[in-house]
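Peer 1: I need the structure of the sequence given here:
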Amino acid sequence: MGCSSCSSGGGTPRGCKNNGTCSSGGCNKLGVFDWLANMQLPAGQTPYDILEIRFKNSRKTFYRNAKNLSLQVGDVVAVEASPGFDIGVVSVIGELARIQVKKKSPGLKPMETKKILRIATQEDIDKWGQARALESEVMFQARTLAVNIGLEMKISDVEYQGDLSKATFYYTAEGRVDFRQLIKDMADQFKIRVEMRQIGSRQEAQRLGGIGSCGRELCCSTWLTDFRSVSTSAARYQQLSLNPQKLAGQCGKLKCCLNYELDMYLESIKSFPSTEVKLQTEKGTAFHIKTDVFKRQLWYMYEGEASHGVGLVALSPERVQEIIKVNKAGKKTADLKDFDTHVVTRKEPDYDNVVGQDSLNRFDNTFGSKNKKRKKKKPAGPRAEGEAVNTAPRPAQPPKPRPQQPNKPQNRPPQPQANKPVEAKVVNPGENTAEGQANPAKRKNNRRRPPRKPNGGNEGTEK
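Peer 2: Next up is the predicted model:
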């Protein structure tokens, strides 16, 4: 559970950016809700002196409060380390820490537990921030050194100690790796003590975190700490397709969530008959195809009908057990389709089906042509009932005479111009022809211009 300062429920700032008070390496990674926080201890009982301290990502360790410091959840403290000291955040205190110790480390001896030195000062926190800033760059440099040596390993995470004196490198490898030369090279380059720790692929996903195919954060990085083995039989019992891309998680192994509902499936399948037994009927032998645990149905198909794709037959577990009992007595039952429990019911829609009521081309002629005839207006007043309707044809009206347009040329039929010689016609500037009068529009751009004056227009100048 995320803290109130960085969750999306009204904290400031919103989102996981290490800007709140949970500066322990990220929100929602093995968070703890202290449901005993507001409960007071009985009179005369001292608080439990073992506390749970959280470090980067999902690493948590128990420490003893030997100096009886007044600590609360979220306080940054300095704890013992080898060598030097480390910086962590208090995650669980009080009686809830006692429950965690019994659950996680039942054989813990309080006197042999490392101690909490002090509440971290500002200088300790600044040095801790410098160490966290170096981890990303150091990890990539360490990967380069491992590749140069030729080691088949993947360095997935680096965790610096709070006093910058030591760094722990977490790596994954398929087999044993001789990294003695790598430790020497990293110690010479980084000037620190180096510790190599091999982890599995599930622990790598737990430390790094991520988003699963379900859209939620990985279970291993939020609450899951017990990594049990997952086999493909878990997918078979749940009638899942054996697709490695869908069944594998971020770690490359089978998803841990396949085991969540496995016990319920195993308990439900006990009431089903064996799927290896074939059913003997008068029509033929039927074999099992699939099982629907939720609907409690078993699907069978005849051996002769499997080649040409005839439909399946759904039977209840009780009906299958009866048929098996009859077969053991040496008898055969009738056709399985007579006992088919799978009935296809068509549900009527609860909405009006408007498909086909509107024409598909109703928007094609939305805009009519410009020369469209106007519709005749209907009489405004309604006709009285029983009024006779005049169905006689109306007399033809003579066409209305149109006024003559004097300056508009009359339309003449085109005359053939083939084999007609072209004659050049010279028109004087002052001559006014009939063609020019008939077509004044053609003379619009051919206006007469004044004659050009001699000597460039300087007539009155004396030379």
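
Peer 1: what bits of the chain have low per-residue confidence?
Peer 2: The model of the chain has pLDDT under 70 over residues 1-28, 306-311, 341-346, 349, 351-360, 366-451, 453-463.

Peer 1: the strand or helix carrying residue 133 packs against which elements?
Peer 2: Here residue 133, judged by DSSP states H and E, is contained in helix 122-149. Packed against helix 122-149 by the contact rule (3 or more C-beta pairs under 8 Å, 6 or more residues apart in numbering; DSSP states H and E) you find strand 76-80, strand 85-92, strand 154-160, strand 166-172, helix 180-190. C-betas here are computed from N, CA, C, even on glycine.

Peer 1: between it and strand 85-92, how many degrees?
Peer 2: If you take axes from the mean of the first three to the mean of the last three C-alpha atoms, to 10 degrees, helix 122-149 sits at 110 degrees to strand 85-92.

Peer 1: mind listing what's buried along helix 122-149?
Peer 2: 124, 127-128, 131-132, 138-139, 142-143, 145-146 (16 or more other C-beta atoms under 10 Å).

Peer 1: likewise stretch 224-239?
Peer 2: Residues of stretch 224-239 classed as buried: 230, 234-235, 237 (neighbour count, 16+ other C-beta under 10 Å).

Peer 1: ok, stretch 255-271 next?
Peer 2: Residues 255-258, 262 are the ones in stretch 255-271 that count as buried (16+ other C-beta under 10 Å).

Peer 1: ditto for stretch 299-319
Peer 2: By neighbour count on 16+ other C-beta under 10 Å, the buried set for stretch 299-319 is 299-302, 312-315, 319.

Peer 1: what's the answer for stretch 285-298, then?
Peer 2: For stretch 285-298, by 16+ other C-beta under 10 Å, it's 286, 288, 291, 297-298.

Peer 1: narrow those to those in strands?
Peer 2: With strands defined by DSSP state E, the entries of the buried residues of stretch 285-298 inside them are 286, 288, 291, 297-298.

Peer 1: got the domain boundaries for the protein?
Peer 2: Using the TED database, the domain parsing of the chain gives 50-120, 126-199, 206-271, 272-344.

Peer 1: present those as TSV; the columns should include distance to residue 43.
Peer 2: Shown next, in TSV, are these (distance: least, C-beta to C-beta, whole Å):
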stretch	distance to residue 43
domain 50-120	15
domain 126-199	38
domain 206-271	35
domain 272-344	55
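
Peer 1: please, where are all the strands along the stretch 151-300 of the chain?
Peer 2: All strands of the stretch 151-300 of the chain, identified by DSSP state E, counting those that start in this stretch, fall at 154-160, 166-172, 193-198, 279-280, 285-292, 297-302.

Peer 1: now those strands in a markdown table, with distance to residue 338?
Peer 2: Listed next are the strands of the stretch 151-300 of the chain as a markdown table, based on distance: least, C-beta to C-beta, whole Å:
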| stretch | distance to residue 338 |
| --- | --- |
| strand 154-160 | 61 |
| strand 166-172 | 59 |
| strand 193-198 | 63 |
| strand 279-280 | 13 |
| strand 285-292 | 13 |
| strand 297-302 | 13 |
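
Peer 1: do you know which of those strands lies nearest residue 42?
Peer 2: Residue 42 lies closest, by C-beta to C-beta, to one member of those: strand 154-160, at 39.8 Å.

Peer 1: may I have the closest one as CSV, with CA atoms only?
Peer 2: Provided in CSV are the C-alpha atoms of strand 154-160 (Å, rounded to 0.1, in the frame of the first residue of the first chain):
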residue,chain,number,x,y,z
LYS,A,154,23.8,-9.9,-16.3
ILE,A,155,24.2,-7.2,-13.7
SER,A,156,20.7,-6.1,-13.0
ASP,A,157,21.0,-3.8,-10.0
VAL,A,158,23.5,-2.0,-7.8
GLU,A,159,23.0,-0.9,-4.2
TYR,A,160,25.5,1.5,-2.5
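
Peer 1: what ranges do the helices span in the protein?
Peer 2: Counting by DSSP state H, the chain has helices at residues 95-104, 122-149, 180-190, 201-208, 219-222, 232-237, 244-247, 262-269, 317-328, 434-438.

Peer 1: how about a markdown table for those, with distance to residue 42 added?
Peer 2: Formatted as a markdown table, the helices of the chain follow (distance: least, C-beta to C-beta, whole Å):
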| stretch | distance to residue 42 |
| --- | --- |
| helix 95-104 | 11 |
| helix 122-149 | 36 |
| helix 180-190 | 51 |
| helix 201-208 | 38 |
| helix 219-222 | 34 |
| helix 232-237 | 46 |
| helix 244-247 | 51 |
| helix 262-269 | 39 |
| helix 317-328 | 56 |
| helix 434-438 | 124 |
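
Peer 1: to residue 171, which of those helices lies closest?
Peer 2: Using C-beta to C-beta, the nearest of the helices of the chain to residue 171 is helix 122-149, at 8.1 Å.
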